[in-house]
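[1] Below are the sequence and a predicted model for it; my questions follow.
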Amino acid sequence: MSAAARFAGEPFLEDLDGVESAGLAVCAFLTPGDGYERYARRLAASCRHFALPYSIWLIPVIHHSISLRGSADIGCSKPSFIRACLDRLGGAAVLYVDVDMIVAARPESLFLAQRAGCDFAIYNWLADPDNAAYLPANGKPGLADPRSSFYVFSHRVGWCSEEQLNCSGATQFYADTAGARKLLERWQDVIAANPRSADDQCLNFAFNNPGVGGAPVKASWLDKSYARCPWWPHVRPVILHPPVPALGQPFAAVREGAGEHVVHLDRCTPNEKPPLFPTDGGVDVRTGVVFRLSAEGRPQPVGRYLEPFWVYTEDPPLAELLPGLQDARE
């Protein structure tokens, strides 16, 4: 990488048996004292359940682009970690996930993309017109409180593009290819130039502005099940992020230049596909009743959704997703 990228850390939980046949390893990291050791053990147990090799690292600090409470050490950024994992794996790909995620099903779509020669895969809001997100009215995923079953519209991305990226970076796939490594290098450079900007936005900028001589990247867009947050309760997870993603950190905007933008809106088309549930209402995940909210804020039924929902607490035991599997978090 052109920006300084010395990576420091050591494996905390690791089992790379079968990495040659699998062709990839699940990789994640945590920092000491952040209380995430229990989530790392949960992630490792879910990987073992599906015979997925994994490497979960303990690193001293995280970079500002991950958390503004972190460090200025560019070597502790996500692209630096992913590149270090590629270097260790001897040709196998890296499936990066946030450490508080859970593998809930075998990631078959990734194996198909890998066999098709994919360099990079991620969830892309721009490539998914069905991206409308919904959250429980009381803000608490799970069904212990009756009010939590009413999911109301939260947000959506109103533009479409198959060629550009607006990502959710909790799940990312990188093959050990020139295209993937060049993207990691470019991502690292953008972070170095924007050290207090969010890494997802830096990745969008890096992908959407490859620069002169940028190696072509063969990308595959993962569906929502691979970055399954609580705001999509109608989607059965492959890789689950149980808590609502943290919001509110005052990250700086990525600095844009002449002809360079985080997303080139002039190359997008409007997302005109109607959302699955009303944006002035939502759905009751207990009953499937679709509703709009009256002027007084009361739900008014307008239909029914007949497919299943997949609703979890923000800290589900593994047995809730993978029956018979010990939780393995203590």
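    That came in fine, so what should we check first? Numbers count the residues shown, from 1 in each chain.
[2] Helix or strand with the lowest mean pLDDT in the chain?
    Sorting the helices and strands of the chain by mean pLDDT, DSSP states H and E puts helix 318-321 at the bottom, at a mean of 88.
[3] buried set for that helix?
    318, 321 (16 or more other CB atoms under 10 Å). In short, each C-beta sits where N, CA and C put it, glycine included.
[4] And for H155, the neighbour number?
    Neighbour count for H155, taken as other CB atoms under 10 Å: 13.
[5] Kindly apply the preceding question to F251 instead.
    F251 - counted by other CB under 10 Å - has 18 other residues nearby.
[6] what sits against the nearest residue to it once chain neighbours are set aside?
    The shortest distance from F251 to any non-neighbouring residue, by CB to CB, 6 or more residues apart in numbering, is to A198 (4.2 Å). Applying CB atoms under 8 Å, 6 or more residues apart in numbering, we find A198 in contact with 65, 249, 251.
[7] by contact count, what packs against the least confident helix or strand of the chain?
    Where contact means 3 or more CB pairs under 8 Å, 6 or more residues apart in numbering; DSSP states H and E, helix 318-321 is packed against helix 37-49.
[8] I would like the residues contacting the helix it packs on, please.
    Defining contact as CB under 8 Å, 6+ apart, one finds that helix 37-49 is touched by 12-13, 15, 26, 28, 30, 53-54, 56, 97, 99-104, 318, 321-322, 325-330.
[9] Give me the mean pLDDT for that helix.
    For helix 37-49, the mean pLDDT works out to 96.
[10] Now that helix: buried residues?
    Those would be 37, 39-47, 49, for helix 37-49 by 16+ other CB under 10 Å.
[11] what would the residues you listed look like in TSV with distance to F120?
    Formatted as TSV, the buried residues of helix 37-49 follow (distance: CB to CB, whole Å):
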residue	distance to F120
E37	30
Y39	25
A40	25
R41	29
R42	27
L43	22
A44	25
A45	27
S46	23
C47	21
H49	26
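[12] And stretch 165-184, end to end?
    Distance between the two ends of stretch 165-184: 15 Å, counting by CA to CA, to the nearest Å.
[13] Next: stretch 184-202.
    Terminal residues of stretch 184-202 are spaced 11 Å apart (CA to CA).
[14] likewise stretch 77-96?
    Using CA to CA, the end-to-end distance of stretch 77-96 comes to 13 Å.
[15] Ok, stretch 52-71 next?
    Counting by CA to CA, you get 31 Å between the two ends of stretch 52-71.
[16] quick one: average pLDDT of it?
    In this model, stretch 52-71 has a mean pLDDT of 92.
[17] again, but for stretch 217-227
    97.
[18] neighbouring contacts of that stretch?
    Stretch 217-227 is contacted by residues 105, 107, 109-110, 113, 116-124, 127-128, 130-131, 162, 165, 168, 170-171, 173, 179-180, 182-183, 207, 210, 232, 235-239, 241 when judged by CB under 8 Å, 6+ apart.
[19] coming back round to it: I'd like the contacts of A198 written out as TSV, with distance to P136 and secondary structure added.
    What follows is the contacts of A198, written out as TSV (distance: CB to CB, whole Å; DSSP: H, G, I helix; E, B strand; the rest coil):
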residue	distance to P136	secondary structure
S65	30	coil
Q249	22	coil
F251	26	coil
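[20] which one of those residues sits closest to A192?
    Using CB to CB, S65 comes nearest to A192 of the contacts of A198, at 9.5 Å.
[21] Next, the contact list for that closest one, please.
    Residues in contact with S65 (CB under 8 Å, 6+ apart) are 77-78, 191, 194-199, 202, 251.
[22] Secondary structure added to those residues, as TSV?
    Formatted as TSV, the contacts of S65 follow (DSSP: H, G, I helix; E, B strand; the rest coil):
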residue	secondary structure
S77	coil
K78	helix
I191	helix
N194	coil
P195	coil
R196	coil
S197	coil
A198	coil
D199	helix
C202	helix
F251	coil
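[23] possible to save these as CSV with distance to H264 and pLDDT?
    Conversion of the contacts of S65 to CSV gives the following (distance: CB to CB, whole Å; pLDDT from 0 to 100):
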residue, distance to H264, pLDDT
S77, 24, 94
K78, 23, 96
I191, 20, 96
N194, 18, 95
P195, 24, 91
R196, 23, 93
S197, 18, 95
A198, 19, 95
D199, 20, 96
C202, 16, 97
F251, 21, 93
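[24] taking the residues you listed as a set, which two sit the farthest apart in space?
    Spatially, the most separated pair among the contacts of S65 is K78 and R196, at 15.0 Å (CB to CB).
[25] ok, and the closest non-adjacent residue to the residue nearest the centre of the chain?
    Against the mean C-alpha coordinate of the chain, by CA atoms, centre = their mean, the closest residue is A170 at 2.3 Å. The shortest distance from A170 to any non-neighbouring residue, by CB to CB, 6+ apart, is to D98 (4.5 Å).
[26] For that neighbour, which residues are in contact?
    D98 makes contacts with 28, 170-171, 241, as judged by CB under 8 Å, 6+ apart.
[27] What about those, which are in strands?
    Mapping these onto strands (DSSP state E) picks out 28, 170-171.
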